[in-house]
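Participant: Got a sequence here, can you build the structure:
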Amino acid sequence: MSRYGSGFREPPWVMGSPKEVMDWMEASHPKKKGKESHKFEKSFLKNLHIKFDFNVKKTEIEPTGVFSKITNKKIIEEDFELLPTAKLILRGLAKAKFRNTAKIVIDGKILYEHPEKKSDLRKTIDNINEFSPEISKGKNLDVVAILDDVEKCTAVIKINKIHKKNDHSVDIQIKGKIKKDIYHTFLNYLDEKIGLIKESENKEL
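Facilitator: Purely as a prediction, here's the structure:
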């Protein structure tokens, strides 16, 4: 409020009461809470999607599914080992503080599922070792891992030896918010081990 018709709010010693003093101080010098909250939000990334391929031999194979045959989608098989690839990616997630391997699926068959666990005290990699024979013989592996940090997020990892030609060997979606430094710890680990070349990295801020 201004006696002189300006948009500037006048100090209370012009206007009067103690309550107006506090109101004016808050209006003129807002608390840092809003800024701190904004800074906190900027330290997180949200809904990331990473897709990449390996530089390995690729062989085109005949489609086996009815739908694939009808649509004439080209199918390829890649020459890499599923188990060591899965271990490498899960070690990266473990370094990024993902502790609960919530689900492991090989070729559509669920091998392990415990999404209710808040903290799996075993190393992330141990869950994979339990199912080494099945995974070694498989073609497509899906793993769901959970990070229960300041914010909770879920990593959905798909590793495909066999896939449609336009799809990728590895498809990782991180759903929810993850700290920037934790995410880069994961990404840097992959880059160090396999020379990661990202096909796409999408984020909603």
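Participant: For this structure, just list every one of the strands.
Facilitator: 44-52, 58-61, 75-78, 100-106, 109-113, 140-148, 152-160, 162-164, 170-179, 200-202 (DSSP state E).
Participant: weakest of those in terms of mean pLDDT?
Facilitator: When the strands of the chain are compared by mean pLDDT, strand 200-202 comes last with a mean of 49.
Participant: Kindly tell me how buried the closest residue to Asp167 other than its chain neighbours is, as a neighbour count.
Facilitator: Counting by CB to CB, 6 or more residues apart in numbering, Asp167 lies nearest to Asn160, which is 6.7 Å off, once chain neighbours are set aside. To be clear about C-beta, it is placed using only N, CA and C from the backbone, and glycine gets the same treatment. Neighbours of Asn160 under the rule other CB atoms under 10 Å: 20.
Participant: and what of Val156?
Facilitator: Count around Val156 with other CB under 10 Å applied: 16.
Participant: likewise Ser136?
Facilitator: 12.
Participant: Now do the same contact list for Leu147.
Facilitator: 93, 96-99, 153-155, 178, 182 (CB atoms under 8 Å, 6 or more residues apart in numbering).
Participant: Could you identify which of these has the most neighbours?
Facilitator: Going by other CB under 10 Å, Ile178 tops those with 28 neighbours.
Participant: export the strands of the chain to CSV and tack on distance to Ala86?
Facilitator: Formatted as CSV, these follow (distance: least, CB to CB, whole Å):
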stretch, distance to Ala86
strand 44-52, 15
strand 58-61, 19
strand 75-78, 14
strand 100-106, 9
strand 109-113, 12
strand 140-148, 6
strand 152-160, 6
strand 162-164, 15
strand 170-179, 10
strand 200-202, 21
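Participant: To Phe131, which of the ones you listed lies closest?
Facilitator: Comparison of the strands of the chain against Phe131 by CB to CB identifies strand 109-113 as nearest, at 4.7 Å.
Participant: quick one: the closest one to strand 100-106, angle?
Facilitator: Relative orientation of strand 109-113 and strand 100-106, computed by axes from the mean of the first three to the mean of the last three CA atoms, to 10 degrees: 170 degrees.
Participant: list the helices and strands strand 109-113 packs on?
Facilitator: strand 100-106, helix 132-137 (3 or more CB pairs under 8 Å, 6 or more residues apart in numbering; DSSP states H and E).
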